[in-house]
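*Asks:* Compute the structure for the input listed below.
(one chain, ligands or ions: 1)
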Amino acid sequence: MRVLVTGSSGFVGSHLVRRLLAAGHEVTGFDIAPPRRPLEPGAEGWRDVRGDIRDEAAVRSALAAARPEVVYHLAAQISVSVSMREPRLDIETNVLATTMLAQAAAEAGVQRFVNTSSGGAMFGEPPVVPADDDTEAAPRSIYGASKVAAEMYLRIVEAETGISVASVRPANIYGPWQDPHGEAGVIAIFTRRMLRNEDVVVFAPGTDTRDYVYVDDVVAAMLLAAEAPTGEMCVVGSGAETSTLDIFHALAGLTGYERAPVMGPPRPGDIPRIALDARKAREAWGWRPTVTFEDGLARTVDAFREEFEAERGG
Ligand SMILES: NC(=O)c1ccc[n+]([C@@H]2O[C@H](COP(=O)([O-])OP(=O)(O)OC[C@H]3O[C@@H](n4cnc5c(N)ncnc54)[C@H](O)[C@@H]3O)[C@@H](O)[C@H]2O)c1
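*Replies:* Next up, the predicted model:
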């Protein structure tokens with residue numbers, strides 16, 4: 001199959017691109033930034049396009065060149081805190097560009113548009129935890145509201161054009177290659193700082209919980225969302241709640257970090273607790289998580305340690 005992946009240079013995008021190439025697909029990546037993890041030069045079936053998803057002409061020309069059957073849309077402004085400080089950037093990227101991209105994809109003959117939403121941000125503080133796909137969307141952040149709005153616009157594009165839209169609504173994703181310098185991705189940030197024996201800031205209260213899902217499991221959900229007979233929108237998570245302080249202690253154990261956490265102020269837009277019940281993803285896609293949290297954390301720390309040692313050696 002021919003596919004186009006936006007956000008192909010990012011954390012989840014890099015894993016997805018490798019999986020798609022390994023399965024023999026022709027993959028065009030579209031990202032504003034170069035890959036954080038370059039593929040070997042001349043990797044078969046791979047084309048990499050630099051462009052901004054807010055630039056309609058660039059998007060249309062990439063679609064015309066790639067002639068994809070499936071678009072996996074991962075490019076996004078991904079930080080809750082940035083969304084609160086810079087709503088325009090968030091809304092333009094996550095709502096407007098997503099809608100334009102789906103319209104352009106429909107016109108280019110794309111059959112399935114696989115969107116990436118956020119199960120972690122779309123429900124705000126749900127009345128029942130774990131939240132499922134029947135839970136009312138009530139985001140607390142601009143980022144969460146953008147992800148919900150984008151799905152609503154996508155449903156309209158689907159009804160108007162006939163393109164089939166699926167949406168993967170992941171919990172907090174973690175794993176190797178996540179950016180440890182950003183404002184999101186607590187496991188990557190903590191791991192990097194612990195390996196360097198630097199201070200680790202835990203935003204108060206630290207008892208707030210999230211549902212963590214390993215990147216390979218999210219990639220599997222995206223592939224299933226593309227292959228399913230109908231376009232479905234499903235949360236993808238483990239169902240378990242893990243607190244930020246639990247993560248701190250688990251990672252401290254794995255990295256041998258002995259300092260106490262430095263407590264920071266609470267962050268606007270952050271929610272106190274969330275976990276997701278992925279029953280619908282199980283029924284619609286046959287998806288279930290396969291990597292346990294212990295195993296996923298160990299794999300992540302190993303990968304970050306390898307990078308750290310390579311940097312130190314080089
Ligand atoms: N990481 C998580 O915990 C998580 C959880 C739920 C949902 N998601 C969603 O998954 C998707 C992928 O997230 P990620 O963790 O891989 O983030 P990431 O930041 O590593 O990747 C996003 C990519 O999008 C690109 N991008 C940003 N703005 C762009 C623009 N205007 N034009 C073109 N490219 C642009 C970035 O350069 C980056 O390579 C996003 O849609 C995110 O909202 C992530």
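*Asks:* And the ligand, is stretch 68-79 touching that?
*Replies:* Yes - between stretch 68-79 and the ligand, judged by Cβ under 6 Å from any ligand atom, the touching residues are 74-78. C-beta coordinates here come from the backbone N, C-alpha and C atoms, glycine included.
*Asks:* And those, which two are furthest apart?
*Replies:* Between all members of the residues of stretch 68-79 next to the ligand, the longest pairwise span (Cβ to Cβ) is found for Leu74 and Gln77 and amounts to 11.9 Å.
*Asks:* okay, these two: which has more neighbours?
*Replies:* Per other Cβ atoms under 10 Å, whichever of Leu74 and Gln77 has more neighbours is Leu74, with 25 against 19.
*Asks:* measure Ile187 to the ligand for me?
*Replies:* In this structure, Ile187 lies at 9 Å from the ligand, with Cβ to the nearest ligand atom, to the nearest Å as the measure.
*Asks:* What about that residue, how many residues nearby?
*Replies:* Neighbour number of Ile187 under other Cβ under 10 Å is 24.
*Asks:* next one: Thr191
*Replies:* Thr191 has 28 neighbouring residues, counting by other Cβ under 10 Å.
*Asks:* got the contact list for it?
*Replies:* With contacts taken as Cβ atoms under 8 Å, 6 or more residues apart in numbering, Thr191 has the following neighbours: 180, 251, 255, 300-301, 304.
*Asks:* cool, and Pro139?
*Replies:* 121-124, 145, 147-148.
*Asks:* change it to 7 Å
*Replies:* Pro139 sits next to 121-122, 124, 145, 148 when contact means Cβ atoms under 7 Å, 6 or more residues apart in numbering.
*Asks:* List only buried entries from these.
*Replies:* Buried residues within the contacts of Pro139, counting neighbours by 16 or more other Cβ atoms under 10 Å: 121-122, 124, 145, 148.
*Asks:* Nearest to the ligand among those residues?
*Replies:* Closest to the ligand out of the buried ones among the contacts of Pro139 is Ala121 (7.2 Å), distances taken as Cβ to the nearest ligand atom.
*Asks:* which residues of this structure score low on pLDDT?
*Replies:* Applying pLDDT under 70 to the chain flags the ranges 314.
*Asks:* Identify the residue nearest whatever residue of it ends up closest to the ligand in space, chain neighbours excluded?
*Replies:* Sorted by distance to the ligand under Cβ to the nearest ligand atom, the residues of the chain start with Gly10, at 2.0 Å. Closest residue to Gly10 apart from its sequence neighbours, by Cβ to Cβ, 6 or more residues apart in numbering: Leu74 at 6.4 Å.
*Asks:* right, and the secondary structure at Leu89 would be what?
*Replies:* In terms of secondary structure, Leu89 is helix; the call rests on DSSP: H, G, I helix; E, B strand; the rest coil.
*Asks:* My understanding was that it contacts Gln77; is that so?
*Replies:* Yes - applying Cβ atoms under 7 Å, one finds Leu89 in contact with Gln77, separated by 5.6 Å.
*Asks:* Looking at the buried ones among the contacts of Pro139, spot the one nearest Arg85.
*Replies:* Arg85 has its nearest neighbour among those in Ala145, at 14.7 Å by Cβ to Cβ.
*Asks:* Now the closest one: closest residue in space, sequence neighbours ignored.
*Replies:* Leaving aside its sequence neighbours, Ala145 sits nearest to Pro139 (Cβ to Cβ, 6+ apart; 4.5 Å).
*Asks:* Ok, Glu86 next?
*Replies:* For Glu86, the spatially nearest residue (Cβ to Cβ, 6+ apart) is Gln77, at 7.9 Å.
*Asks:* and Phe123, how far is that from His25?
*Replies:* For Phe123, the distance to His25 under the criterion Cβ to Cβ, to the nearest Å works out to 33 Å.
*Asks:* between those two, who's got more neighbours?
*Replies:* More crowded of Phe123 and His25, by other Cβ under 10 Å: Phe123, with 28 against 19.
*Asks:* Just say helix, strand or coil for the spatially most central residue of the chain.
*Replies:* Residue closest to the mean C-alpha point of the chain, counted by Cα atoms, centre = their mean, is Val12 at 5.7 Å. Reduced to three states with three-state DSSP, the structure at Val12 is helix.
*Asks:* In contact with it: list those residues for me.
*Replies:* Contact analysis of Val12 by Cβ under 7 Å, 6+ apart lists 74, 173, 215, 218-219.
*Asks:* Most widely separated two among the residues you listed?
*Replies:* Of all pairs drawn from the contacts of Val12, the greatest distance, 11.6 Å, lies between Leu74 and Val215 (Cβ to Cβ).
*Asks:* how about TSV for the contacts of Val12, with secondary structure added?
*Replies:* What follows is those, written out as TSV (three-state DSSP):
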residue	secondary structure
Leu74	coil
Ile173	strand
Val215	helix
Val218	helix
Val219	helix
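*Asks:* Right, I'll leave it there.
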